[in-house]
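K.L.:
pasting the structure only:
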């Protein structure tokens, strides 16, 4: 068990070392907190998830924010591109905020309703309508723009939307993994962290995006798991499910805790795995910094 954990951590660290730093103020840089990274590896293996990590069917990112504003990042398979189902709807939401901030797109009542329902209840027709308003190729341009760096084919990919949320086929698969809807847990965590620091969007549109993510209406996976822990927490969240692919992502605040958790798993029991996983991550956050 320990040997597997060490191998996993070394492999993750080696992959992270090949990913260049980001240099924008307030950005979440790829280098990890070594102590937290070791604790995450031990936690995941103790919970029985080492085999899933070893065969690349599970990816996890955890960002703990201290009271002084410092961020502590730990990941397992953090830069692995995986099919993410509805989770990349946050990328569509981000694209709409970029265009609205620049004055290209007006968020009228119909669009506002689609934005809210696209995230809170994961409405597929809503997501497709928002995608049409932003523009399919325009969204990919935004994600790959060096101003945002949310997808980079020269590194490990990132957030990608190359298919409507409808029964039509993909119009453009991502260059790295050939996925229609893909993500790395690192880039999702980085996007969420940027909303807290207004580093990719200004304060107005960061808060507008967060507002669409707040108070999720679907109570499964991370949300169900967090209901089983003691405390009163605010949640900002987006999940995704398709067949054996399960994804979840959340910002958690309350009871003196503030953290971001992102996980994707390919497994028939993915919903149960993510519900259990968030409880292990939550306890790890609680233990962080304790003497």
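P.N.:
Received it, and whenever you're ready, just let me know what you need. Owing to the predicted nature of the structure, the values given are computational and were not obtained by experimental measurement. Residues are numbered from 1 along each chain as shown.

K.L.:
Centroid-nearest residue for this protein?
P.N.:
By CA atoms, centre = their mean, the mean C-alpha position of the chain lies nearest to residue 188, the distance being 2.9 Å.

K.L.:
which stretch of helix or strand covers it?
P.N.:
Here residue 188, judged by DSSP states H and E, is contained in helix 185-197.

K.L.:
can you list contacts of stretch 248-260?
P.N.:
Residues outside stretch 248-260 that contact it (CB atoms under 8 Å, 6 or more residues apart in numbering) are 61-65, 87, 90, 185, 188-189, 192-193, 195-196, 210, 213, 221-223, 226, 231-240, 261-263, 274, 278, 281-282, 285-286. Using the backbone N, CA and C atoms, a C-beta is placed for each residue, glycine as well.

K.L.:
ChimeraX command for the buried members of those residues?
P.N.:
A single ChimeraX command suffices to select whichever of those are buried according to 16 or more other CB atoms under 10 Å:
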select :61,62,63,64,65,87,90,185,188,189,192,193,195,196,213,221,222,223,226,233,235,236,237,238,239,240,261,262,263,274,278,281,282,285,286
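
K.L.:
The contacts of stretch 248-260 in strands, which ones?
P.N.:
Using DSSP state E, 61-65, 234-240, 261-263 are the members of those that sit in strands.

K.L.:
and residue 109, how many neighbours does it have?
P.N.:
7 (other CB atoms under 10 Å).

K.L.:
Starting from residue 116, give me the distance back to it.
P.N.:
Distance, residue 109 to residue 116, by CB to CB, to the nearest Å: 11 Å.

K.L.:
ditto for residue 102
P.N.:
Separation of residue 102 from residue 116 (CB to CB) stands at 21 Å.

K.L.:
higher neighbour count, those two?
P.N.:
Between residue 102 and residue 116, counting by other CB under 10 Å, residue 116 is the more crowded of the two (18 against 9).

K.L.:
Spatially nearest residue to that one, not counting backbone neighbours?
P.N.:
Spatially, and ignoring its direct neighbours in sequence, residue 116 is nearest to residue 212 (5.5 Å; CB to CB, 6 or more residues apart in numbering).
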